[in-house]
Structures are given as C-alpha cells and as structure tokens.
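Enquirer: Any chance you could fold what I've pasted below:
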Amino acid sequence: MTTGIGAAGQVYLVGSLGSRFVKIGYSRNPEKRLWFLQVGSPVELSLLATFEGGPDLEAQLHRYFGAHNVRG
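Expert: Numbering: from 1, shown residues only. All right, here's what the predicted structure looks like:
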C-alpha cells in the first residue's frame, strides 16, 4: 500500500509491534513525521502504511474509526 510521496502528501498509519493502537495522520513526509513521533515515544514505532491523499482522506479515516479513538 505504500507509494511514492506526492505533491499533495500522504495519509499514514503509525504503530508499534504488539500494540492495538494506531495513529492516523497526514504529512508531506511521513518518514520525517515518524522520526518526530519516535522522539517522544518510549516504544519503537513503525510506519505501517501510507496512502496518497490529503487532509480530507485523513478526516474520513478519523470519522470512520472515531468510535475507537482513545486520545488526541
């Protein structure tokens, strides 16, 4: 599901092995965003998937999974 970084950016999924939590976000550079997220995390994070898209797709995913939102 991973594709090249487009001009519009990408929606990404970040998580860690053994965790049921997944972060949905949007960035023009998901790998750099992962690095910044990792700085503040005590567990190793991984980029699980990226999708071509922008803030609209990110918002759709947040709404779809909204009932499972834990924090943020």
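Enquirer: Mind listing what's buried along stretch 26-43?
Expert: Neighbour counts over stretch 26-43 (16 or more other CB atoms under 10 Å) mark 26-27, 30, 33-34, 37 as buried. C-betas here are computed from N, CA, C, even on glycine.
Enquirer: Now tabulate those residues in CSV and tack on distance to residue 53, pLDDT and secondary structure.
Expert: Formatted as CSV, the buried residues of stretch 26-43 follow (distance: CB to CB, whole Å; pLDDT from 0 to 100; DSSP: H, G, I helix; E, B strand; the rest coil):
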residue, distance to residue 53, pLDDT, secondary structure
26, 8, 98, strand
27, 11, 97, strand
30, 11, 97, helix
33, 14, 97, helix
34, 17, 98, helix
37, 19, 97, helix
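Enquirer: now the residues you listed in TSV, with distance to residue 51?
Expert: Shown next, in TSV, are these (distance: CB to CB, whole Å):
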residue	distance to residue 51
26	10
27	12
30	10
33	14
34	15
37	17
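Enquirer: Out of these, which comes closest to residue 59?
Expert: residue 26 (8.8 Å; CB to CB).
Enquirer: That closest one touches residue 12, doesn't it?
Expert: Yes: with contact defined as CB atoms under 8 Å, residue 26 and residue 12 form a contacting pair (7.3 Å).
Enquirer: Specify the local secondary structure of the closest residue to residue 16 other than its chain neighbours.
Expert: Sequence neighbours aside, residue 43 is the residue nearest to residue 16 in space, at 4.6 Å (criterion: CB to CB, 6 or more residues apart in numbering). What DSSP: H, G, I helix; E, B strand; the rest coil gives for residue 43 is coil.
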